[in-house]
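**Q** sequence first, predicted model second:
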Amino acid sequence: MKPYIDYSVYLVTDRDLMSTETLEEAVEEAIKGGCTLIQLREKECSSLDFYSTAVNVKEITDKYNIPLLINDRLDIAQAVDAAGVHVGQSDLPLTIVRNILGNDKIIGVSAGNLEEALTAEKDGADYIGVGAVYVTGSKKDATAVTMEEVRKIRDNVKLPMVVIGGVNKERIKDFKDINIDGVAIISAIIAQKDIKKATKEIKDEFNKIKK
């Protein structure tokens, strides 16, 4: 059965930015601060290292009953029995991903405009990640999605929607009237000296806009 997902505070990992000694420590501190969903993203490491890290991170997410998604790599997601995957526009097509993973896994899709979001919905995505909503240093090739486009996507797509790309606690208020389902955060959590505190502050800000 497909797990229930709380998208509100969604950490996307980046080992190059983390303030801790290990990724596992960063993930655990974020969860303690109120993070509701973890996406393990490893762009540079070998398959073996990615798998080993996923095993270790999943031990932590399982301990706190927090879903773990794997960025891009279906094989890693299957190997560790993750809750699902997140794929971008240049990754395998969503329909193929669904055929491989089955209906019980969560599949998220990156969308940079309304057309991509509608296609993701039609093809059976569970949620969309819309961005980059601000210029960001963690994804060099990302182009900014205007707030107008974010609103257009929200008005036309029924799927849960998280915004990503340069989102921090000060910018969460920008989405007050858009009815987003969550904020996907990288550096504003994982690069902070006190990850637990940073996560709690982001959660508090998100809860304000959902009242």
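**A** Now that the structure is in, tell me what you want to look at. Keep in mind the model is a prediction, meaning the values are calculated, not measured. Numbers count the residues shown, from 1 in each chain.
**Q** for the chain, give me the ranges with low pLDDT.
**A** Confidence mapping of the chain against pLDDT under 70 gives the ranges 136-142.
**Q** ok, which stretches of it are helices?
**A** 23-32, 47-63, 74-80, 94-101, 114-123, 147-156, 187-190, 195-210 (DSSP state H).
**Q** what angle do helix 23-32 and the second one make with each other?
**A** In terms of direction (axes from the mean of the first three to the mean of the last three CA atoms, to 10 degrees), helix 47-63 departs from helix 23-32 by 30 degrees.
**Q** what's the most buried one of the helices of the chain?
**A** Ranked by mean neighbour count, the helices of the chain are led by helix 187-190 with a mean of 24 (mean count of other CB atoms under 10 Å). Every C-beta, even on glycine, is put in place using the N, C-alpha and C of the backbone.
**Q** give me the neighbour count for the residue lying closest to Gly165 once chain neighbours are set aside.
**A** Nearest non-adjacent residue to Gly165, counting by CB to CB, 6 or more residues apart in numbering: Ala132, 2.5 Å away. Burial of Ala132 is recorded as 21 neighbouring residues (other CB atoms under 10 Å).
**Q** do I have it right that Ala132 meets Glu149?
**A** No. With contact defined as CB atoms under 8 Å, Ala132 does not reach Glu149; the gap is 11.5 Å.
**Q** out of the helices of the chain, which gets nearest to Ile5?
**A** With respect to Ile5, and counting by CB to CB, the nearest of the helices of the chain is helix 47-63 at 12.4 Å.
**Q** alpha carbons only: can I get that closest one in CSV?
**A** The C-alpha trace of helix 47-63 is given here as CSV (Å, rounded to 0.1, in the frame of the first residue of the first chain):
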residue,chain,number,x,y,z
SER,A,47,26.6,3.2,-7.3
LEU,A,48,28.1,1.2,-4.4
ASP,A,49,28.6,4.4,-2.3
PHE,A,50,25.1,5.6,-3.2
TYR,A,51,23.7,2.2,-2.1
SER,A,52,25.7,2.1,1.1
THR,A,53,24.6,5.7,2.0
ALA,A,54,21.0,4.8,1.2
VAL,A,55,21.1,1.8,3.5
ASN,A,56,22.5,3.9,6.3
VAL,A,57,20.0,6.8,5.7
LYS,A,58,17.1,4.5,5.5
GLU,A,59,17.9,3.0,8.9
ILE,A,60,17.5,6.5,10.3
THR,A,61,14.3,7.4,8.4
ASP,A,62,12.8,4.1,9.3
LYS,A,63,13.6,4.7,13.0
